[in-house]
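K.L.:
with the sequence up front, the predicted model follows.
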Amino acid sequence: MTMSWISETDADTPLERVLGQRPELVARYRRFYQALWQDGSVPRRLLELTRLRIAAIHDCDAEWLIRDAGAGVDADEVEALAAGRFDAFTESERAALAVAEQMPYAHHQISDADVAALQRLLGPAATVTLITALAFFDVACRLKLVLDIDAQAAALDAAPLRRGALI
């Protein structure tokens with residue numbers, strides 16, 4: 001269910017149906033979001049881990065219930081993300097999750113050392129892509145929460161993540 005003042009449009013996902021009030025923005029947002037997942041500079045698994053952690057921090061079921069089956073994140077890892085336990089992840093995953101952990105409510109505290117660790121492990125271009133993706137994941141959660149995007153409907157639309165739709 002969405003907020004009563006918004007009429008849903010015909011689109012691929014619940015978020016796109018709401019944002020469809022501005023079709024040109026949906027198209028731009030979709031292209032940008034799709035590029036984050038498809039350009040290959042950041043592994044899908046790393047994107048999925050950080051997306052899920054940000055969803056957990058926000059307690060955003062509409063984002064949390066979506067899974068990218070191709071990212072290779074197993075049930076134990078999902079449980080660890082929900083609990084904020086990162087010890088079983090690789091060094092680069094822990095570094096990315098450390099920054100993801102701060103993005104929603106402590107983004108001003110992301111330090112030069114945090115970014116330097118990402119650059120050392122991922123390279124400068126991937127670091128920029130990842131930080132941009134983290135900001136988008138944060139925005140997606142905030143939009144879904146404020147617009148009251150139905151969590152079950154969003155979960156049913158998990159396939160668009162692979163197509164590049166807004167999830």
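P.N.:
That came through, no problem. Numbers count the residues shown, from 1 in each chain.
K.L.:
so how far is Trp37 from Asp150?
P.N.:
Distance of Asp150 to Trp37, given as C-beta to C-beta, to the nearest Å: 23 Å. (C-beta placed from N, C-alpha, C; glycine too.)
K.L.:
neighbour count: those two, which is higher?
P.N.:
A direct count of neighbours by other C-beta atoms under 10 Å for Asp150 and Trp37 places Trp37 higher, at 21 against 15.
K.L.:
now that one: which helix or strand?
P.N.:
helix 23-38 (DSSP states H and E).
K.L.:
which elements pack onto that helix?
P.N.:
When contacts are defined as 3 or more C-beta pairs under 8 Å, 6 or more residues apart in numbering; DSSP states H and E, helix 23-38 sits against helix 14-19, helix 44-58, helix 124-146.
K.L.:
gap between it and the chain center?
P.N.:
In terms of C-alpha atoms, centre = their mean, to the nearest Å, the centre of helix 23-38 is set 13 Å apart from its chain centre.
K.L.:
what residues of that helix count as buried?
P.N.:
Buried residues in helix 23-38, counted by 16 or more other C-beta atoms under 10 Å: Val26, Tyr29, Arg30, Tyr33, Gln34, Leu36, Trp37.
K.L.:
do the same with stretch 133-150
P.N.:
If you call a residue buried by 16+ other C-beta under 10 Å, then stretch 133-150 has these buried ones: Ala133, Leu134, Phe136, Phe137, Asp138, Ala140, Cys141, Leu143, Lys144, Leu147, Ile149.
K.L.:
ok, now which ones touch the first one?
P.N.:
Neighbouring residues of Ala133 by C-beta atoms under 8 Å, 6 or more residues apart in numbering: Leu36, Val42, Leu47, Thr50, Arg51.
K.L.:
6 Å - rerun?
P.N.:
By C-beta atoms under 6 Å, 6 or more residues apart in numbering, Ala133 lies in contact with Leu36, Leu47.
K.L.:
against Asp59, how distant is it?
P.N.:
For Ala133 relative to Asp59 (C-beta to C-beta), the value is 20 Å.
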